[in-house]
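Asks: Fold the following for me, if possible:
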Amino acid sequence: MEKTAPAEPYRPGRAVLQGLLDLRPSLGLEVAAFPVEDAVAQGLAVAQVYAFASVDYPGAAGSLVFDSDGTTAVGAFDFDPSIDRTTAFTFAGGVYQILTVPGSASSVATGINGAGLIVGLYVDLAGVRRGFANNGGTFSNVDFPGASGTQVIGVNDAGQMVGDYFDAANVEHGFVSSGGTFTAVDFPGATRTVAAGINAAGDIVGGWSDATGTHGFLLQAGVFTPINFPLATSTTPFGINDTGEIAGFYSDSAATEHGFIYAGGAFSTVDVAGARGTLLTRIKNGGAVTGVCTDALNEQHGLTGQ
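Replies: You can find the predicted model right below:
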């Protein structure tokens with residue numbers, strides 16, 4: 001009898017971002033005390049407390065918030081976590097609205113700048129991942145030249161966009177787009193790279209992988225600096241504000257996900273009380289944050305925090 005490969009384990013949630021920034025929740029974890037080797041327990045980081053408010057699209061099985069301009073939050077939701085299909089949405093003044101991306105089978109809004117420019121990604125009707133920008137209701141595609149797929153993940157107030165693209169061999173690379181000119185961003189020696197956030201100065205944060213795991217980086221004035229949360233098994237910076245504060249998420253030795261802030265050379269861990277996992281996606285000027293948490297039922301909720 002011919003043997004077949006075992007099926008991939010079912011993981012509820014959304015493959016919202018393909019590749020390095022997969023934000024699906026993990027299964028099989030119990031809410032537990034931090035491991036004894038945790039960075040906070042050893043004094044290598046501090047715990048930081050935020051007042052969080054949930055942002056859940058009405059009737060959705062799960063919601064995620066990726067960014068906010070202070071009045072409008074953007075993200076994605078789905079009604080059925082067993083189907084890999086998400087829909088972009090905005091939330092402003094207590095009102096949820098679907099962001100209808102033309103020609104999309106699935107969509108995610110990942111960033112918004114101070115001028116209200118919304119960026120994100122969508123899967124078109126042919127199954128290709130493409131970046132998009134929505135300027136006052138006018139949509140345009142953002143595609144890295146020659147790529148098999150593009151995802152726009154962050155934008156600054158000057159309209160510079162960052163994200164990732166996949167080449168013909170399906171290798172993931174970061175990029176920055178300035179005025180329509182694309183430049184690849186690859187951490188030296190990495191097997192894959194993604195650029196996730198950019199501030200007004202053009203400083204970029206994101207993640208990269210090698211044989212040892214997933215790590216973070218800061219790209220400033222052409223120089224890469226690794227960012228690794230103390231004792232973490234993986235670190236992913238996602239957003240950076242204009243004062244250089246960085247927000248992201250990491251996994252500890254028990255595979256539990258935590259949010260973090262990196263500011264002034266020091267790390268702080270950020271957890272939603274009672275959640276099985278917390279991820280921060282942005283930190284804005286003034287310190288407000290956005291993100292996602294996974295509850296005891298493994299359902300995801302969008303967050304804003306101050």
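Asks: And the one helix or strand in the chain whose mean pLDDT sits lowest, what does it pack against?
Replies: One helix or strand of the chain scores below all others by mean pLDDT, DSSP states H and E: strand 46-47, with a mean of 91. On a contact count with 3 or more CB pairs under 8 Å, 6 or more residues apart in numbering; DSSP states H and E, strand 46-47 meets strand 266-270. (C-beta placed from N, C-alpha, C; glycine too.)
Asks: and stretch 267-282, how far out from the chain's middle?
Replies: Centre-to-centre, stretch 267-282 and its host chain are 13 Å apart (CA atoms, centre = their mean, to the nearest Å).
Asks: same check, this time on stretch 284-300
Replies: With CA atoms, centre = their mean, you get 11 Å for stretch 284-300.
Asks: start to end distance for it?
Replies: 22 Å (CA to CA, to the nearest Å).
Asks: Buried ones in it, by neighbour count?
Replies: 284, 287, 289-295, 298-300 (16 or more other CB atoms under 10 Å).
Asks: same deal with stretch 130-144?
Replies: Those would be 130-134, 139, 142-144, for stretch 130-144 by 16+ other CB under 10 Å.
Asks: what residue ranges in this structure are flagged as low confidence?
Replies: Applying pLDDT under 70 to the chain flags residues 1-15, 25-36.
Asks: What segments of it are helices?
Replies: Using DSSP state H, no helices are found in the chain.
Asks: where exactly do the strands run in the stretch 101-250 of the chain?
Replies: With DSSP state E, counting those that start in this stretch, the ranges of strands along the stretch 101-250 of the chain come out as 104-112, 118-124, 129-135, 138-142, 149-155, 161-166, 172-178, 181-185, 192-198, 204-210, 213-220, 223-227, 234-240, 246-251.
Asks: Give me the angle between the longest one and strand 129-135.
Replies: Spelled out, that is strand 104-112. Relative orientation of strand 104-112 versus strand 129-135 (axes from the mean of the first three to the mean of the last three CA atoms, to 10 degrees): 60 degrees.
Asks: Off-centre distance for strand 104-112?
Replies: 12 Å.
Asks: try stretch 249-262
Replies: For stretch 249-262, the distance to the chain centre is 14 Å (CA atoms, centre = their mean).
Asks: Do me a favour and get the end-to-end distance for that stretch?
Replies: Termini of stretch 249-262 sit 10 Å apart (CA to CA).
Asks: same deal with stretch 99-106?
Replies: 11 Å.
Asks: And for stretch 96-103?
Replies: Span of stretch 96-103 from end to end, CA to CA: 21 Å.
Asks: buried residues in that stretch?
Replies: Neighbour count says stretch 96-103 has 96, 99, 101 buried, by 16+ other CB under 10 Å.
Asks: Surely Gln42 touches Asp252?
Replies: No - look at Gln42 against Asp252 with CB atoms under 8 Å: they stay out of range, at 11.9 Å.
Asks: overlap in contacts of those two?
Replies: Leu231 (CB atoms under 8 Å, 6 or more residues apart in numbering).
Asks: Between these two, which is the more surrounded one?
Replies: Each of Gln42 and Asp252 has its neighbours counted (other CB atoms under 10 Å); Asp252 has more, 20 against 11.
Asks: ok, the more buried one to Asn134 distance?
Replies: 37 Å (CB to CB, to the nearest Å).
Asks: Likewise for Leu297?
Replies: In terms of CB to CB, Leu297 sits 33 Å off from Asn134.
Asks: residue contacts, Leu64?
Replies: 14, 16, 23, 75-77, 108, 292, 300, 302.
Asks: any idea which of those is closest to Val55?
Replies: Taking CB to CB as the measure, Val55 lies nearest Gly302 of those, at 3.7 Å.
Asks: Pretty sure Val292 is one of the things the closest one touches, is it not?
Replies: Yes - using CB under 8 Å, Gly302 is in contact with Val292, at 6.2 Å.
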